[in-house]
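Undergrad: need a structure here:
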Amino acid sequence: MAWKFDKPLYSLADEEQNAAATKIWEGESLGGIAENNNRLPQPVIYLLGMTILTAFLITFPLWGQRPTAELYSGYIKLMDSPAVQAIADDKKKMEYIVNNGKDPAKQALLDRHPVTMTDLRMIKDQVIELERKGVDLGEYSVVGPKVVLANFEGNLKADGTRTRKQPWWDKGYTIDVFYVTYFCLSVLIVIKRLPHFSWQPDHSIAH
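TA: Sure, this is the predicted structure:
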């Protein structure tokens, strides 16, 4: 029973396969259940596709990037500048820092993780201390009022330690993409190996 690929969205089975399938379909009682061969409603297919797509978009690893000490280092450098110190209102101070401490490479994450002057004051000393130690600020996450070593463990560096920078892509997401794709293709293949929905059993055989 060969496979047909000339019209894969119509049928993947040849005439012999379809004839055998229709014979079994009509001949089996299925416990007295009269099962038809209706297609899945198109709105349901669109909803399923939209659900899968939305789930992948909102769980994309890049969107879940945690703010790092490096992200706010430019802001912290401006905090003690004469221009900022001359401003009395915290809100206006923050507006000045945001407008003058922009880094195009960090802008998307800065927009995603906005902070206030109060937030900066809480992490300022911790970030400065890390800078004095000469560590990679990108490996330290800002969690509320604390700056902590990120809990990611990547490839080994030259000094034998592991990189702590959060990847924009992770293995779990790869696994999700693979298995959802595998599932959808498997279901499609199974359905297209059955008789086309244009054929309907007439349930004329007595059970």
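Undergrad: Name the residues of the regular element (helix or strand) spanning Ile76 that are buried.
TA: Using DSSP states H and E, the element containing Ile76 is helix 69-79. Residues 69-73, 75-76, 78-79 are the ones in helix 69-79 that count as buried (16 or more other Cβ atoms under 10 Å). The C-beta positions use only the backbone N, C-alpha and C, and glycine is treated the same way.
Undergrad: Among those, which one lies nearest to Asn151?
TA: Checking those against Asn151 with Cβ to Cβ, the nearest one is Ala69 at 14.4 Å.
Undergrad: any idea how far that closest one is from Ser141?
TA: Going from Ala69 to Ser141 by Cβ to Cβ, to the nearest Å gives 8 Å.
Undergrad: Identify the contacts common to those two.
TA: Val147 (Cβ atoms under 8 Å, 6 or more residues apart in numbering).
Undergrad: And Thr68, how close does it get to Asp136?
TA: Using Cβ to Cβ, Thr68 is found at 9 Å from Asp136.
Undergrad: hey, where'd the helices end up in the protein?
TA: Along the chain, counting by DSSP state H, helices occupy 15-27, 42-58, 69-79, 82-85, 90-100, 107-112, 117-133, 171-192.
Undergrad: okay, those helices, which one's buried deepest?
TA: Per residue and on average, the most neighbours among those fall to helix 69-79, with a mean of 20 (mean count of other Cβ atoms under 10 Å).
Undergrad: Show the average pLDDT along it.
TA: In this model, helix 69-79 has an average pLDDT of 94.
Undergrad: now swap in stretch 16-27 and tell me
TA: Across stretch 16-27, pLDDT averages out at 85.
Undergrad: just how off-centre is stretch 96-109 within its chain?
TA: Between the centre of stretch 96-109 and the centre of its chain there are 25 Å (Cα atoms, centre = their mean, to the nearest Å).
Undergrad: Same check on stretch 88-103?
TA: With Cα atoms, centre = their mean, you get 32 Å for stretch 88-103.
Undergrad: Over to stretch 4-14?
TA: Counting by Cα atoms, centre = their mean, stretch 4-14 is centred 33 Å from the centre of its parent chain.
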